[in-house]
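Participant: Let me see the structure of the following:
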Amino acid sequence: MSEEKSTSQRRISRLEKLTRELEEEKRRSDEYLTRLKYMQADFENYRKRVDRQIEDIKRYSNERLVSDLLETVDELEMAIKAARTSNSIEVLIQGVEMSLRKIQKILANEGVTPIETIGKPFDPTRHSSVATIEKEGVEEGTIVEEIRKGYIMKDKVIRPSIVKVAVKPCQKPETLQGGSNE
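Facilitator: Numbering: from 1, shown residues only. A predicted model of the protein is given here:
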């Protein structure tokens, strides 16, 4: 009997040990779950904060550009006022030219540059042709007139140039037949 009792005690002891280990594992599991929930909540808060920051950046990203343009608006208003006061078109022209130079500088600071056109080969990725002009002495496909400037911002065309392109002059029918019709 004592052997049975001893075996029974060992089983009970082993069962108690396993029960303690199971309780320890449950405690660790609960601890990990709690930590995971906190991490998930922290991540959600972080994501919301980043989303708000991105929205703020989008909303106010042009603030410096708008501020620079407002200075130019002020200059244009002063030019108009000065021209009305002096009744001089020349004063108005000077004010507008000064404002144009300032706008061009602002655009250049933003990486915006005009697309070169006159004398350049037509490029459909940068130019939009509205007409062709027969022209001798100019290679076919060369831009001969710019209707509206186009612009590139950094490496991207933001507005293509509207141009007229040279084509070879058509030969008159009598030239094609080898002389006159007489």
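Participant: State the number of residues packed around the nearest residue to residue 94 once chain neighbours are set aside.
Facilitator: Using Cβ to Cβ, 6 or more residues apart in numbering and skipping residues adjacent in sequence, the residue nearest residue 94 is residue 79, 7.3 Å away. C-betas here are computed from N, CA, C, even on glycine. By other Cβ atoms under 10 Å, the residues close to residue 79 number 19.
Participant: can you tell me which residues contact residue 79?
Facilitator: By Cβ atoms under 8 Å, 6 or more residues apart in numbering, the residues touching residue 79 are 91-92, 94-96, 98-99.
Participant: Among those, name the ones in helices.
Facilitator: 91-92, 94-96, 98-99 (DSSP state H).
Participant: Now the buried members of these.
Facilitator: Neighbour counting over the ones in helices among the contacts of residue 79 (16 or more other Cβ atoms under 10 Å) leaves 91-92, 95, 99 as the buried ones.
Participant: nearest to residue 12, of the residues you listed?
Facilitator: residue 99 (95.9 Å; Cβ to Cβ).
Participant: what's the pLDDT at the closest one?
Facilitator: pLDDT recorded at residue 99 is 89.
Participant: picking up where we left off before, make TSV out of the buried ones among the ones in helices among the contacts of residue 79 and add distance to residue 120.
Facilitator: Formatted as TSV, these follow (distance: Cβ to Cβ, whole Å):
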residue	distance to residue 120
91	37
92	34
95	33
99	28
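Participant: Of those, which is the nearest to residue 5?
Facilitator: Distance to residue 5 across those (Cβ to Cβ) is lowest for residue 99, with 106.0 Å.
Participant: can you tell me how far the closest one sits from residue 82?
Facilitator: 12 Å (Cβ to Cβ, to the nearest Å).
Participant: Ok, residue 70 next?
Facilitator: 19 Å.
Participant: Could I get the full set of helices for this protein?
Facilitator: Per DSSP H, the chain carries helices over the ranges 2-60, 63-86, 89-109, 173-176.
Participant: closest one to residue 156 among those helices?
Facilitator: helix 89-109 (14.0 Å).
Participant: what angle do the closest one and helix 63-86 make?
Facilitator: Between helix 89-109 and helix 63-86, the angle comes out at 170 degrees (axes from the mean of the first three to the mean of the last three Cα atoms, to 10 degrees).
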